[in-house]
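Colleague: this is the structure alone, sequence omitted:
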């Protein structure tokens, strides 16, 4: 078959070369050639190789798209001789060769179409030509003119032309040939020379001297096999391709040049031994100077690297996007070889999974010692793992309108973001991606089909499961283990670009800059957040945190308004308060002598010295306190129920309705897989999975429980130490403030009780921060030692430990002041003592609510201020410290991966601490809000700042976190529900036992004797009488006084009563009223909570309808796709069956005719 084809090709050559007509026809052809010859179309072998073939051989570019409009027009409109004389084989497979002497084919991407056209053309020509081949062969007379004569003439004239051109230098703009070209068959013409476009890459190509670019052009008449063509096109790039790779900074260009030279020499030796049946025209000159060419390439690579954009997020080829970056530093310690071996094995295994790696040498880094491993996930890897992770991708644009219409939306215009920022992408119907049905999905561009968040999530999934060797008989794998052993210094995905400016082509849209401009600016504190953009850039897990924080802040706005109204009411009614009026009255409070607050050292004091404290107490302890406590019980229920709805709407908008935790949160942790030696069949999946027996975990569970209990006991011990401090310094403050004349002016509002409470609260806050610092590290280590099976188990275990500790750490002092201080004091002459040494603390005559407010304000405000300063200043200082060298060497190349490498790490627990901070604040707002109505307002102001601080640090100061999926806030929602229930009880107890509300109500309705002013005489009624003579000797004040009795706060019988100093009947009445109030308030609030929870659906009705509509449309689209696919298969099968039937009938007919 090949011999027949070769003979046929030789026949075609002879027919085209032989002049069938007289010499007049040859002269006419030459004249036509001269007339049609255009300026700039001379056959310069260097020019057409370096400019024409460069445009044809660039990967991913067509000949027309890169050769300029003129070249495209000429390619689209060939001349008559070209269209008639060139066969389909010549156009598809036989192209002029490059410098290596090989035959150059059409672009690789058009290889399949070229082969199909070549096959169809060959089939058609064989049908038309071969039956009459004898007639056409007979028409040619060998005696007329030999083909070899023409070839010899062509060879001599070509050599003469090139010698002339080598002597005479080419002048720019010269377009005419000195020597006239004869008429040649079009398939022998070299490609047309076209002046290149104004492009820097092509201008640099023209800078290459002609001595360096000496091509060996070869025209072969032998039909190449498909395998040979593919090998030539893919494995043997020409000089133009090498130049293009050089411009893109490919580090392997020099090796490719040497390989090209070796290949060229081999092919030249091969063609010298060709048999006489082949005809080849070789136009060659002296061999190129490889040394000079290599030196040029080295300089060019260096020049291009310096010109590389600092914001480039691509490999050096400018095409493959960087999805992940690893960094490491050479270690000079004993483990250097082990770490190097681990890295080598790890990177080899990464390449085996399909990832593409590019390593930046330490000499190219800013500090001169850090290596960077850039990772790119090609399309095949992305589609494979997208199916594994169950990533949903768009299949059709949604026809469901967005639900953006809300009441009073016209009034909220200034709060809105631009529509292209709020909704950066259209909504689509989606389905789980599968690589076998790629036609179903809307794939316009493979490079941008998967968003960057999905790409880095897929790469991290591979990194976390890639092995790097066997050590101690166990298989070791996962990037986290390599990071912990300092084999790699860091692993992170890249930001889109610099946050202060938009990206430049060819980089994609810089979403980081968009977020910084519309989200991370403090001047936008009143604007809504671009949740969809946050989700697209950081992933659903971080996105849902900011949605929760934003929704919580919106709900705090209503609680803050009500709390501020209650505070204003207390401020306006301060002067009308009868209790503070009586205390401040010199005739009433000034005549009441109070018993000493400590033993021996403290003296008697007058009630009117607490005038300012009683007025301050009325700001928070008034009639509105009960209303606000009940309101907050209802508010917290509405907050949680509406958050359920917001979360359900978010699941629909972010396509998380069918999200299964097994896809990410229930995936086995690499550490668990590495530690497990047993295997067990999963009852659900029926697959063999790693299994860790319970007996192996029990010791760690006991250790974990013992550690948590120990640290909680340590917190309580520290709280007791603070109480001891308060008891020990109270007497010092009391005696000092009484004796110091300079403090006379501040003594009215800065009492010993308040001074002790302030200093004790500040000391307690410092102890809280110190304990929290150490416990965070211990709890994380203990949780790892428990070897949790999945990521969800790990987070749940760590959350439980951290929250229990934080709850005790932050709230223990508040619980002490609210429910224990002043409740077990005893009475004068029979006080209770702590450790039989320190006398128990007493509350102010106006109650302990003022001290609780002080404690709550200091801890809550201090924690929020300290947290925001730490979050803003800490990463800023660290990043400045890392970048200090880059600023002193600003002229060096500071690449995108080096800029991100110098940023602070967000960490896998970064979001955990953000949630923990928000939940602790939620506890301050709800658990003790009855004592401090301004708590929601402080929380609101903090959260407005917190949102922008978190956005700023994530966008500008932290490396980009690995994207993760989540459809809810997880275990934190259960914690919020628990705190909501507990808040009802705590606020009821605060109103009943800490405030003075219930005793005032009992006096108002049961013991008041003044109908006009019912509360007159309440202060005197609330104080009991004690006989000074009954003081024990070790407690009586050292100085003698001329009065016989003193007063103390309690409901006890007077000294002249037969049951002196026992609780009076009023005490039991007040206690009964307190317990009744607690029961009534709890039942009322809980009843309203349950009614609201029942009335408010978890999923809004419109969301349910949208979910049903989307599911219906998705099923319909999938059904139509499968149906069309089935029809195509049936149509193809039916055509194959018809062909098979015709063949069988022909066989039967042939058999009959033969017989």
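Modeller: Alright, I've got the coordinates. Given the structure is predicted, the values throughout are model-derived calculations rather than measurements.
Colleague: which residues touch residue 874?
Modeller: Applying Cβ atoms under 8 Å, 6 or more residues apart in numbering to residue 874 gives the contacts residue 904. C-betas here are computed from N, CA, C, even on glycine.
Colleague: can you tell me the SS state at it?
Modeller: With DSSP: H, G, I helix; E, B strand; the rest coil as the basis, residue 874 sits in helix.
Colleague: now do residue 1025
Modeller: The three-state label given to residue 1025 by three-state DSSP is strand.
Colleague: numbering from 59 from now on, please.
Modeller: Sure, I'll start counting at 59 from here, so that last one is residue 1083.
Colleague: now do the contacts for it.
Modeller: Contact analysis of residue 1083 by Cβ under 8 Å, 6+ apart lists 1103-1105, 1112-1113.
Colleague: and it, what are its bridge partners?
Modeller: residue 1105 (DSSP bridges).
Colleague: what ranges does the stretch 409-558 of the chain have for its helices?
Modeller: 437-447, 477-480, 504-507, 510-521, 537-542 (DSSP state H, counting those that start in this stretch).
Colleague: what average pLDDT does stretch 405-420 get?
Modeller: The average pLDDT for stretch 405-420 rounds to 92.
Colleague: list only buried entries from the contacts of residue 1083.
Modeller: Burial by neighbour count, 16 or more other Cβ atoms under 10 Å: within the contacts of residue 1083 this picks out 1104-1105, 1113.
Colleague: quick one: residue 818 from residue 791, how far?
Modeller: Noted for residue 818: a distance of 11 Å to residue 791, by Cβ to Cβ, to the nearest Å.
Colleague: out of the contacts of residue 1083, who's nearest residue 739?
Modeller: For residue 739, the nearest member of the contacts of residue 1083 is residue 1105. The distance, counting by Cβ to Cβ, is 77.5 Å.
Colleague: now do the contacts for the closest one.
Modeller: Remark: with contacts taken as Cβ under 8 Å, 6+ apart, residue 1105 is in contact with 650-653, 665, 1081-1084.
Colleague: before we move on, what about residue 589?
Modeller: Applying Cβ under 8 Å, 6+ apart as the definition, the contact partners of residue 589 turn out to be 601, 604-605, 608.
Colleague: which one of those residues has the most neighbours?
Modeller: residue 601 (25 neighbours; other Cβ atoms under 10 Å).
Colleague: before we go further, it is sitting in a helix, right?
Modeller: Yes - secondary structure of residue 601, determined by three-state DSSP: located in a helix.
Colleague: which residue packs closest to it, ignoring adjacent ones?
Modeller: For residue 601, ignoring the flanking residues on the chain, the nearest one in space by Cβ to Cβ, 6 or more residues apart in numbering is residue 593 at 3.6 Å.
Colleague: what residues does that neighbour make contact with?
Modeller: If you count contacts by Cβ under 8 Å, 6+ apart, then residue 593 has 511, 601, 712 around it.
Colleague: now residue 433
Modeller: Under the criterion of Cβ under 8 Å, 6+ apart, the neighbours of residue 433 are 380-384, 408, 413-415, 517, 521.
Colleague: again, only using 7 Å
Modeller: By Cβ atoms under 7 Å, 6 or more residues apart in numbering, the contact list for residue 433 reads 381-383, 413, 415, 517.
Colleague: that one and residue 409, how far apart?
Modeller: Distance, residue 433 to residue 409, by Cβ to Cβ: 10 Å.
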